[in-house]
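# after the sequence you'll find the predicted model.
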Amino acid sequence: MFVGDLGLTHIYTGDGKGKTTAAIGLAVRAAGRGLRVRIIQFMKGSASSGEIKPLRAIAGIDIDRMGENFLSTSPPDQAAVAASLEAAMAAAADALSGQYEVVILDELITATSLGVVPEDWVLGLIDDPQRRAELILTGRGASTRLIAAADLVTEMQLIKHPFDQGISARKGIEF
């Protein structure tokens, strides 16, 4: 069931908190309206996160973590890079399959800004005339080219964060 004019591209970027949270909120809203949603999370590795279990319980949402967390290694481990590229190919297949009305690629922008997933590949996915799914891309460092190609761009700006006070990520709030 396609409702209205799907197929737009959203980017949630910036150094502030809330990019993934905004995308998940959109996923819940879309599923609540009967749209089929695919979420692929990049670069988050296999670590547990609070959103996975409840999202899997919502009819119409499919979510998987693909690729490896390579932020702690410099340069990135080649196996982690290969896993992220494999995830990108799976994401493209989902976005073009017609099986989903909304496809969320969480942290793909970060993978692109780090040079792991080629920016030209992402631009090709955005511009692919076969794509009908609403495409939501999140992550830090969206380039001017990606911003220009998107239909909606929101920048989350960091003004103040508990990390600055030495408070580490909290279960249920940050992960």
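Everything's here; your move.

# quick one: the helices in this structure?
All helices of the chain, identified by DSSP state H, fall at 19-32, 52-56, 78-97, 108-113, 119-127, 144-149.

# weakest of these in terms of mean pLDDT?
Of all those, the minimum mean pLDDT falls on helix 78-97 (a mean of 78).

# that older thread, let me have the helices of the chain in CSV, extended by mean neighbour count.
In short, each C-beta sits where N, CA and C put it, glycine included. CSV is the format used below for the helices of the chain (neighbours: other Cβ atoms under 10 Å):
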stretch, mean neighbour count
helix 19-32, 18
helix 52-56, 13
helix 78-97, 18
helix 108-113, 24
helix 119-127, 16
helix 144-149, 14
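
# quick one: those helices as a markdown table, columns for distance to His10 too.
What follows is these, written out as a markdown table (distance: least, Cβ to Cβ, whole Å):
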| stretch | distance to His10 |
| --- | --- |
| helix 19-32 | 8 |
| helix 52-56 | 18 |
| helix 78-97 | 13 |
| helix 108-113 | 11 |
| helix 119-127 | 11 |
| helix 144-149 | 11 |
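
# can you check which of those gets nearest to Leu137?
Among the helices of the chain, helix 108-113 comes nearest to Leu137, with 5.1 Å by Cβ to Cβ.

# re the thing from before, so which of the helices of the chain comes closest to His161?
helix 19-32 (13.6 Å).

# and the closest one, what does it pack onto?
Helix 19-32 sits against strand 9-13, strand 37-41, helix 52-56, strand 61-65, strand 102-106, strand 134-138, with contacts defined as 3 or more Cβ pairs under 8 Å, 6 or more residues apart in numbering; DSSP states H and E.

# any chance of these in JSON lines, plus distance to Ser113?
Formatted as JSON lines, the helices and strands packed on helix 19-32 follow (distance: least, Cβ to Cβ, whole Å):
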{"stretch": "strand 9-13", "distance to Ser113": "9"}
{"stretch": "strand 37-41", "distance to Ser113": "16"}
{"stretch": "helix 52-56", "distance to Ser113": "24"}
{"stretch": "strand 61-65", "distance to Ser113": "19"}
{"stretch": "strand 102-106", "distance to Ser113": "13"}
{"stretch": "strand 134-138", "distance to Ser113": "11"}
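
# how about the residue nearest in space to the middle of the chain, what does it touch?
Residue closest to the mean C-alpha point of the chain, counted by Cα atoms, centre = their mean, is Asp106 at 1.5 Å. Residues in contact with Asp106 (Cβ atoms under 8 Å, 6 or more residues apart in numbering) are Lys19, Thr20, Ala23, Ile39, Ile40, Gln41, Phe42, Lys44, Thr138, Gly139.
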